[in-house]
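> just to be clear, the model below is a prediction. Sequence and coordinates:
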Amino acid sequence: AAAIVEGPNFYFGHNREGNVQRLRELCGAARMHFEIVEPETAGDQLISSTRVRAVVAEGDVRLARDMLTQPYRIRGMVVHGAGRGAGIGFPTANLGAVDTLVPQNGIYAGLARIRDETRVAAIHIGPSPTFGDELPQVEIHILDYHESVYGELMEVEFLDRLRGVENFATVELLREQMKRDVEQTRELANAWLAVSG
C-alpha cells in the first residue's frame, strides 16, 4: 500500500485501542501517506456504514441513496421461481445467492443491470401472501424486457420504496396494483436517469 485514508473516528486493533493518531505514526514510520477525511452528514447525523445498513434494513433506500450518492445495490444469480408473475402478465427474475444486505420487505422502484444493459425494474422483496406463499423472495420485473435471463448474474439498484407487501383479496386486484407500481417505477426511474446520466 502507498497510502491510507481514514475518517477521524477510525479505531483498530485489540479492543479498538488503535486510533488515527497511532495510525499516523505507523504510516510515518513506514513512509506511507496518511490522510484523514472529514465526515459527511445527512441531516444532523454522521454518514457511516452502520447508518447506511440500518436505513437499508428499514427499507429507506432513498435515504441510503442520498448518503451513498448512488443507489444501494445488490446482486445475485437469476434462478427459477414459481412462474406466477408471468401468469398474471408481470414476469419476474428471481434472484438467488444474494451476497449483501437485502432491504426490508416491500415493493421498490429501481434499475436492473443485466448483460451490460441498464433497464428500469420494479422489485418485490418478501413473501407473496396473495398466493399463500410465506417464503421471502427477491423478484425483479424488468419493464419492457422479454428475454430469458436464467443463470445470469444480475445487479439491482434501489431508487425508492413504493409500498409494503400486501395480501390482496383477488389476483385481479393484485394485477391492478402491479400496473400502478410499474407506472410509478417508470416515472421514478426515468427521472433518476435523466439527472444521473
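Now that the structure is in, tell me what you want to look at. These figures come from a predicted structure and were not determined experimentally. Residues are numbered from 1 along each chain as shown.
> what are the ranges of the strands in the protein?
Ranges of strands in the chain, per DSSP state E, are 3-6, 33-36, 41-42, 45-46, 72-79, 93-96, 106-114, 117-128, 133-142, 153-163.
> could you identify which of those strands is most buried?
strand 106-114 (a mean of 23; mean count of other CB atoms under 10 Å). In short, each C-beta sits where N, CA and C put it, glycine included.
> quick one, it and strand 72-79 angle?
Here strand 106-114 runs at an angle of 70 degrees relative to strand 72-79 (axes from the mean of the first three to the mean of the last three CA atoms, to 10 degrees).
> tell me the pLDDT at Phe10?
Predicted confidence (pLDDT) for Phe10: 91.
> no wait, Gly132
Gly132 is assigned a predicted lDDT (pLDDT) of 88.
> got phi/psi on it?
phi 70, psi 20 (degrees, to the nearest 10).
> ok, now how distant is it from Gly106?
Counting by CB to CB, to the nearest Å, the gap between Gly132 and Gly106 amounts to 19 Å.
> ditto for Arg53
From Arg53 over to Gly106 the distance is 17 Å, taken as CB to CB.
> by mean pLDDT, flag the weakest helix or strand of this structure.
Of all the helices and strands that make up the chain, helix 84-87 has the lowest average by mean pLDDT, DSSP states H and E, namely a mean of 84.
> okay, it in CSV with CA atoms only?
Output in CSV follows, covering the C-alpha atoms of helix 84-87 (Å, rounded to 0.1, in the frame of the first residue of the first chain):
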residue,chain,number,x,y,z
ARG,A,84,-46.7,-16.9,-11.1
GLY,A,85,-45.5,-13.4,-12.3
ALA,A,86,-45.6,-14.5,-16.0
GLY,A,87,-49.0,-16.0,-15.5
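> list the buried ones in it?
84-85 (16 or more other CB atoms under 10 Å).
> Glu176: neighbouring residues, count only.
Close neighbours of Glu176, defined as other CB atoms under 10 Å, add up to 12.
> hmm, back to that, and the strands of the chain: which comes nearest Glu187?
strand 106-114 (8.2 Å; CB to CB).
> what does that closest one rub up against?
59, 61, 71, 93, 118-126, 140, 142, 149, 152, 154-165, 181, 184-185, 188-189, 192-193 (CB atoms under 8 Å, 6 or more residues apart in numbering).
> in space, what's closest to Val61 - neighbours in sequence excluded?
Excluding its sequence neighbours, the residue lying closest to Val61 (CB to CB, 6 or more residues apart in numbering) is Phe158, at 3.8 Å.
> look up how far Val5 lies from the residue located most distally from the centre of the chain.
Each residue of the chain has a distance to the centre, and by CA atoms, centre = their mean the biggest one is for Ala29: 40.5 Å. Distance, Ala29 to Val5, using CB to CB: 18 Å.
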